[in-house]
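1. below are the sequence and a predicted model; questions follow.
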2 protein chains.
Amino acid sequence: MKFCSDCGGSIALRVPLGDDRERFVCETCDAIHYVNPRVIVGCLPVYEDKVLMCKRAIEPRHGYWTLPAGFMENGETTEQGAARETWEEARAQVRNLHLYRVFDVPYISQVYMFYRCEVEDGLFGVGPESLESGLYGEDEIPWDNIAFPVVKKALRAYFEDRRRDEYPVAVETITFSKPRKP
Amino acid sequence: MKFCSDCGGSIALRVPLGDDRERFVCETCDAIHYVNPRVIVGCLPVYEDKVLMCKRAIEPRHGYWTLPAGFMENGETTEQGAARETWEEARAQVRNLHLYRVFDVPYISQVYMFYRCEVEDGLFGVGPESLESGLYGEDEIPWDNIAFPVVKKALRAYFEDRRRDEYPVAVETITFSKPRKP
């Protein structure tokens, strides 16, 4: 951040009076521009004993498999956002949403919220950000080609919980680990 | 948003290519400035049969009672943020945090996350954003002077759940209602 979005003045990084951390502050109009974590909302959409997954058509992780998820938008609820992303990426309508996993990813200032839900009538398609999509059972999931750690963790937990048919909500923290060399 | 924070150019509200909603776009450098919901993290800190509350020393709702909560910061987890706010506002150390309530407040693009937790040794104080703080039992809480609907809902749910000693996580949406006239 170099310029003030209110007045166009130049921005300095300093600790405002009464605060205890550096903020982007305008040197002309004194506006403080806070930068906060972003929420990523997604679904773990289930039909019969399979989970709906998408192969990513965009970076990062083009060609890898994911659960439908994306940045929460202003004016929507987390549940609405999760359902919207599932429509956008996998052309599926979902119902009966239950919060299932929260993942804190502090090193990139993101919070993921995944909802467990049902795919209406088992119908799905391929949205513009996906190369393909499909319903996969536990043994069919491309475990070695999952896009993000949060996706693999949510899927592993789901299939584990399904053995007991109990799905407690859990919060987990993802810590930074260097990507493996291909 | 009037000026681009990257180049200082002027900002227009338009739908970028491949998007489906209006964004703040720079007319000079084409940077897209996304605006997303903010996360507010807080605690419902318990000691014996009482809950730790603070009387607000700041606007909005100066002089009304709240649970310790505030904007999540970059680089922290939701749990760390909730504990930090409890220290800042009520000078209490907390432990044994469990996610308890998520409140979507879409009309102001906020997501609240409250953690149920214990107050270490029952010790607390008064932070700079509070006028006073205290441990209150269900019958002692100033129910008519609670700062925000999310606080009242979290407290009501907690005392209800305590009768069964079961505290399931729940997600609720707060809809806009006109404030009552004093």
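-> Now that the structure is in, tell me what you want to look at.
2. can I get stretch A:87-101 as PDB, trimmed to CA atoms?
-> Output of stretch A:87-101 as PDB, limited to C-alpha atoms (Å, rounded to 0.1, in the frame of the first residue of the first chain):
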ATOM      1  CA  TRP A  87     -22.500 -23.600  -7.600                       C
ATOM      2  CA  GLU A  88     -19.800 -21.500  -9.300                       C
ATOM      3  CA  GLU A  89     -17.100 -24.200  -9.300                       C
ATOM      4  CA  ALA A  90     -19.200 -27.500  -9.500                       C
ATOM      5  CA  ARG A  91     -22.600 -26.400 -10.700                       C
ATOM      6  CA  ALA A  92     -24.200 -28.200  -7.800                       C
ATOM      7  CA  GLN A  93     -27.000 -27.000  -5.500                       C
ATOM      8  CA  VAL A  94     -26.400 -28.000  -1.900                       C
ATOM      9  CA  ARG A  95     -28.700 -28.300   1.100                       C
ATOM     10  CA  ASN A  96     -28.600 -29.200   4.800                       C
ATOM     11  CA  LEU A  97     -25.300 -27.300   5.400                       C
ATOM     12  CA  HIS A  98     -23.500 -27.900   8.700                       C
ATOM     13  CA  LEU A  99     -20.300 -26.200   9.800                       C
ATOM     14  CA  TYR A 100     -17.600 -28.900   9.900                       C
ATOM     15  CA  ARG A 101     -14.100 -27.500   9.900                       C
END
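3. and that stretch, average pLDDT?
-> Stretch A:87-101 comes out with an average pLDDT of 98.
4. so it, near chain B or not?
-> Yes. Legend: contact between stretch A:87-101 and chain B by C-beta under 8 Å from any C-beta of the partner chain is shown at A:Leu99. Where you see a C-beta, it was placed from the backbone N, CA and C, and this is true even at glycine.
5. list the buried residues of that stretch.
-> A:87-94, A:97-101 (16 or more other C-beta atoms under 10 Å in any protein chain shown).
6. how about stretch A:124-142?
-> A:Phe124, A:Val126, A:Gly127, A:Glu129, A:Ser130, A:Ser133, A:Gly134, A:Leu135, A:Tyr136, A:Ile141.
7. get me the contact residues on chain A for chain B.
-> A:1-8, A:11, A:18, A:21, A:33-39, A:71-80, A:99, A:102, A:104, A:106-107, A:109, A:111, A:113, A:128, A:169, A:171, A:173.
8. which of these fall within strands?
-> Using DSSP state E, the subset of those located in strands is A:Ile11, A:His33, A:Arg38, A:Val39, A:Phe71, A:Leu99, A:Val102, A:Asp104, A:Val111, A:Met113, A:Val171, A:Thr173.
9. can you pick out the most distant pair from the residues you listed?
-> Spatially, the most separated pair among these is A:Ile11 and A:Leu99, at 37.2 Å (C-beta to C-beta).
10. hey, C-alpha coordinates of the longest helix seen in chain A in PDB?
-> Using DSSP state H to define each element, chain A has its longest helix at helix A:149-164. Extracted in PDB, the C-alpha atoms of helix A:149-164 (Å, rounded to 0.1, in the frame of the first residue of the first chain):
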ATOM      1  CA  PRO A 149      -3.600 -29.100   3.000                       C
ATOM      2  CA  VAL A 150      -6.900 -27.900   4.300                       C
ATOM      3  CA  VAL A 151      -8.700 -29.900   1.600                       C
ATOM      4  CA  LYS A 152      -6.900 -33.100   2.400                       C
ATOM      5  CA  LYS A 153      -7.400 -32.600   6.200                       C
ATOM      6  CA  ALA A 154     -11.100 -31.900   5.800                       C
ATOM      7  CA  LEU A 155     -11.600 -35.000   3.600                       C
ATOM      8  CA  ARG A 156      -9.500 -37.300   5.900                       C
ATOM      9  CA  ALA A 157     -11.600 -36.100   8.900                       C
ATOM     10  CA  TYR A 158     -14.800 -36.600   7.000                       C
ATOM     11  CA  PHE A 159     -14.200 -40.300   6.100                       C
ATOM     12  CA  GLU A 160     -12.900 -41.000   9.600                       C
ATOM     13  CA  ASP A 161     -16.000 -39.400  11.200                       C
ATOM     14  CA  ARG A 162     -18.300 -41.200   8.900                       C
ATOM     15  CA  ARG A 163     -17.300 -44.600  10.400                       C
ATOM     16  CA  ARG A 164     -19.000 -43.400  13.600                       C
END
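11. no more questions from me, cheers.
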